[in-house]
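> Fold the following for me, if possible:
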Amino acid sequence: MDSELAEALTDFCNGLEALCVNLRRQIQTDEKREWTWNPKAIKWSEAEGSKGKYERSEDVNNLEFKVLIKDLSDHKGSLAREGFFYWLFKNGYVVGRKRRVSSFG
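Numbering: from 1, shown residues only. Below is the predicted model of the structure:
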């Protein structure tokens, strides 16, 4: 194997290792996080968009929903929690959620 190829493979492996370390750290952080809002206390309705079925909420008079909106805003409009991916629509008062698809089985 020539030295340039070996160096490129080593760089690739180092990058992959750093990615895995950061992913493990993120998973541990999510598992330890204490949430300030309860998704079960929010009214959700079924909807369908360009990427398939999802749930949405416009429960604007609900305190749990208001805290969810703040949390989403603090996380640049999206976050994952307990098997769901949540996002804030551009209008700022509608939230969507969809069960996360795991590629790990």
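> quick one, strands of this protein?
If you assign secondary structure with DSSP state E, the strands in the chain sit at 45-49, 52-57, 78-81, 84-88, 95-99.
> mind giving me the domain split of this structure?
Described in terms of automatic domain parsing, the domain architecture of the chain consists of the residue ranges 1-33, 39-99.
> can you redo these as TSV with mean pLDDT?
Compiled in TSV, these are given as follows (pLDDT from 0 to 100):
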stretch	mean pLDDT
domain 1-33	70
domain 39-99	95
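> Including mean neighbour count, could the ones you listed go into TSV?
For glycine as for every other residue, the C-beta is placed from the backbone atoms N, C-alpha and C. Rendered in TSV, the data for the domains of the chain read as follows (neighbours: other C-beta atoms under 10 Å):
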stretch	mean neighbour count
domain 1-33	10
domain 39-99	14
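> Now the spatially most central residue of the chain. Nearest residue, chain neighbours left out?
The centroid of the chain falls nearest to residue 80 when counting by C-alpha atoms, centre = their mean (2.8 Å). In this structure, residue 80 finds its nearest non-sequential neighbour in residue 100, 6.2 Å apart by C-beta to C-beta, 6 or more residues apart in numbering.
> Thanks again, I'm all set now.
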